[in-house]
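In: Could you look at this predicted model? Sequence included:
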Amino acid sequence: MNFLHTEIGSARDNQRSPIHNWYKFTAGFSYKFVEEIIKLEGLKDFDNAEIFDPFAGCGTTLVSSQKEGVKAVGNESQAFMFDVIKAKLNWTIKRDRVNKYLITIENYINKNLFDVESSANPLLKSLYDFEKLEQLYLIRNSAEVIRSQKYRLFFKLALSQTLHKVAIHPIAVPYISRKKILSNNNSVWDVFSSICKKMAEDTESLDNLIYSKIYKQDSRKANRFIKNNRCNTCITSPPYLNNLDYGEVSKVHTHFFDITSSWNDITNKIRKKLVTGATTHYNKSDFNKKKFLESDFAIDNMEIVTGLIETSVNIKNKAIDKGGKKSFDLLLLFYFRDMYLVLKEIRRVLMQAGKAYLILGDSAPYGVYVPTTKILGEIAMNIGFESFEIHKIRTRGTKWKTLKHRHSIELNENVLILK
Ligand SMILES: C[S@@+](CC[C@H](N)C(=O)[O-])C[C@H]1O[C@@H](n2cnc3c(N)ncnc32)[C@H](O)[C@@H]1O
């Protein structure tokens, strides 16, 4: 495991790698992590090797596997990210067809109008010059009616990337950063068409065989399209406890593509399908202690749950002391219950001799240290895994040290290996 350098859990490497750099996703990990595990496990030498990623994100595991010629299958529950991944896995795109579609789209935007004032989403209006926003919506409307799904998703992905490049402020770092101003003098059309051309060029040098498949699926439930014991390796990075609200991170895009239009929409259409990783995912009234204690999670993990409830009380007391309003005490319980369900799904999909590699972060809500990686390893043992190992990648969270209410506990990012 000597490839576990401090950047392996970050998406930095991906910015320099074709296909991986088709969509800027701050929560991704390095494609090199996947390549190294494929080597370590000798997956290219197996006839029936298949990798599973229950949290496909922007598709790093699936794209890397496809590049290496190893089969892979994944779940992603966000509709928008699902489309991003689908587009990133399609390498049968032809440059001349892309050019023809570009002419059609350009003609459409030259001949049509979009009334930004009355029809654009208010969030979008606050992030783009109106003239640019009109162009973005016109490209969207024109590309949306392309009949071929693979070209439609190709242009949708190029437009998604354009949204990042022509905004007034950076829109997902991981959240909108209104204090920073982006300098972007290029026209929307120039940015969009050059992204499309670069993407089409990227696919030309690649093998056009498809080895990876993505499902729009909540990994807390069994995916009926993936049979028991089908895969030999799982490579993934789950949401970290109290780190990112993935519904919030992609809201500019989901609002733009009319998947959502408000906070409530994000909660009902997106957050509800995700592992509970942030306090914005639930209402305090959703928690029912009796039901929680009667759940399979509590029954299968009695000792762990007793410890979690003690930690939860501890967090609640710290919140009262600090006058904090966030219900991290409940988040903790929801998070481990959800992750137990996903670990069960990983166990179901893996073969007997299978192994899972998970990149995870520890956390410390209200300054109460939660050894997330170790707790998940212990839950996995109760589910039927045989052993677990933890390998530290780096110390994390140090950039927040200057925040007034920030705790000073050192947190780790780790790889959890389940056998
Ligand atoms: C940390 S990101 C994964 C990043 C990914 N490893 C990459 O490099 O692209 C977690 C992803 O899991 C997705 N997710 C969260 N809960 C999920 C669930 N219950 N089922 C499926 N996907 C989920 C989120 O939408 C997000 O895209």
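Out: Yep, it's here.
In: quick check, residue 232 in a strand?
Out: Yes: under DSSP: H, G, I helix; E, B strand; the rest coil, residue 232 sits within a strand.
In: How about the residues of the stretch 201-350 of the chain by the ligand?
Out: Contact residues, the stretch 201-350 of the chain versus the ligand (CB under 6 Å from any ligand atom): 218, 219, 220, 237, 239, 246, 274, 275. Every C-beta, even on glycine, is put in place using the N, C-alpha and C of the backbone.
In: Can you tell me the centre-most residue of the protein?
Out: Centroid-nearest residue in the chain, with CA atoms, centre = their mean: residue 57, separated by 2.9 Å.
In: That one contacts residue 75, doesn't it?
Out: No: counting by CB atoms under 8 Å, residue 57 stays clear of residue 75, with 10.6 Å between them.
In: Contact partners for the residue in the stretch 1-150 of the chain that the ligand sits nearest to?
Out: Relative to the ligand, the nearest point of the stretch 1-150 of the chain is residue 57 (2.6 Å; CB to the nearest ligand atom). Applying CB atoms under 8 Å, 6 or more residues apart in numbering to residue 57 gives the contacts 25, 27, 28, 76, 81, 237.
In: which regions of the stretch 101-250 of the chain lie under the pLDDT threshold?
Out: 208 (pLDDT under 70).
In: hey, where'd the strands end up in it?
Out: 212-216, 231-236 (DSSP state E, counting those that start in this stretch).
In: The contacts of residue 57: which two are farthest apart?
Out: Based on CB to CB, the longest span within those runs between 81 and 237 and measures 13.3 Å.
In: Near residue 210, how many residues? Count them for me, please.
Out: 12 (other CB atoms under 10 Å).
In: dump the residue contacts of it.
Out: Counting by CB under 8 Å, 6+ apart, residue 210 touches 66, 89, 90, 91, 92.
In: how about the residue of the stretch 1-150 of the chain closest to the ligand, secondary structure?
Out: Applying three-state DSSP: residue 57 is coil.
In: Now it: phi and psi?
Out: phi 60, psi -120 (degrees, to the nearest 10).
In: Just give me the neighbour total for residue 170.
Out: The burial count for residue 170: 18, using other CB under 10 Å.
In: Let me see the contact set for residue 354.
Out: With CB under 8 Å, 6+ apart, residue 354 has these contacts: 229, 231, 232, 233, 234.
In: Need the pLDDT of residue 399.
Out: What the model reports for residue 399 is a pLDDT of 50.
In: no wait, residue 16
Out: pLDDT, read off for residue 16, is 89.
In: returning to what we had before: how about the residues of the stretch 201-350 of the chain next to the ligand in TSV, adding neighbour count and distance to residue 40?
Out: Formatted as TSV, those follow (neighbours: other CB atoms under 10 Å; distance: CB to CB, whole Å):
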residue	neighbour count	distance to residue 40
218	19	30
219	30	24
220	20	29
237	23	17
239	24	25
246	25	29
274	20	30
275	24	27
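In: so which of these comes closest to residue 71?
Out: residue 219 (18.5 Å).
In: My guess is the closest one contacts residue 77. True?
Out: Yes: if you go by CB under 8 Å, residue 219 and residue 77 touch, sitting 7.1 Å apart.
In: circling back: filter the contacts of residue 354 to the buried ones?
Out: With burial judged by 16 or more other CB atoms under 10 Å, the buried subset of those is 231, 232, 233, 234.
In: separation between the residue nearest to the last one when sequence neighbours are not counted and residue 232?
Out: By that I understand residue 234. For residue 234, ignoring the flanking residues on the chain, the nearest one in space by CB to CB, 6 or more residues apart in numbering is residue 356 at 3.8 Å. The gap separating residue 356 from residue 232 is 10 Å, by CB to CB, to the nearest Å.
In: Below-threshold pLDDT in the stretch 301-419 of the chain: ranges please.
Out: Those would be 397-407, if you go by pLDDT under 70 across the stretch 301-419 of the chain.
In: if you set the cut-off to 80 instead, what comes out?
Out: Counting by pLDDT under 80, the stretch 301-419 of the chain contains low-confidence ranges at 396-408.
In: now the strands for it?
Out: 350-361, 388-396, 411-418.
In: from those, which stretch is densest packed?
Out: strand 411-418 (a mean of 22; mean count of other CB atoms under 10 Å).
In: so how far is it off the chain centroid?
Out: Centre-to-centre, strand 411-418 and its host chain are 18 Å apart (CA atoms, centre = their mean, to the nearest Å).
In: So in that sheet, which strands flank it, and in what orientation?
Out: Strand 411-418 pairs in its sheet with strand 350-361 (antiparallel), strand 388-396 (antiparallel), by DSSP bridges.
In: In the buried ones among the contacts of residue 354, find the pair that's most separated.
Out: Using CB to CB, the two most remote members of the buried ones among the contacts of residue 354 are 232 and 234, lying 8.9 Å apart.
In: and for these two, which residues touch both?
Out: Residues touching both residue 232 and residue 234 (CB under 8 Å, 6+ apart) are 51, 350, 354, 355.
In: For the second one, give me its contacts.
Out: What it means is residue 350. So residue 350 contacts 52, 229, 231, 232, 233, 234, 356 (CB under 8 Å, 6+ apart).
In: Could you do the last one as well?
Out: Contact partners of residue 355, counting by CB under 8 Å, 6+ apart, are 41, 232, 233, 234, 417, 418, 419.
In: So which residues of the stretch 251-400 of the chain form helices?
Out: 251-256, 263-265, 289-294, 296-300, 302-322, 328-349, 372-383 (DSSP state H, counting those that start in this stretch).
In: In JSON lines: these, plus mean neighbour count and distance to residue 158.
Out: Rendered in JSON lines, the data for the helices of the stretch 251-400 of the chain read as follows (neighbours: other CB atoms under 10 Å; distance: least, CB to CB, whole Å):
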{"stretch": "helix 251-256", "mean neighbour count": "23", "distance to residue 158": "13"}
{"stretch": "helix 263-265", "mean neighbour count": "13", "distance to residue 158": "25"}
{"stretch": "helix 289-294", "mean neighbour count": "11", "distance to residue 158": "45"}
{"stretch": "helix 296-300", "mean neighbour count": "15", "distance to residue 158": "42"}
{"stretch": "helix 302-322", "mean neighbour count": "15", "distance to residue 158": "44"}
{"stretch": "helix 328-349", "mean neighbour count": "23", "distance to residue 158": "32"}
{"stretch": "helix 372-383", "mean neighbour count": "20", "distance to residue 158": "36"}
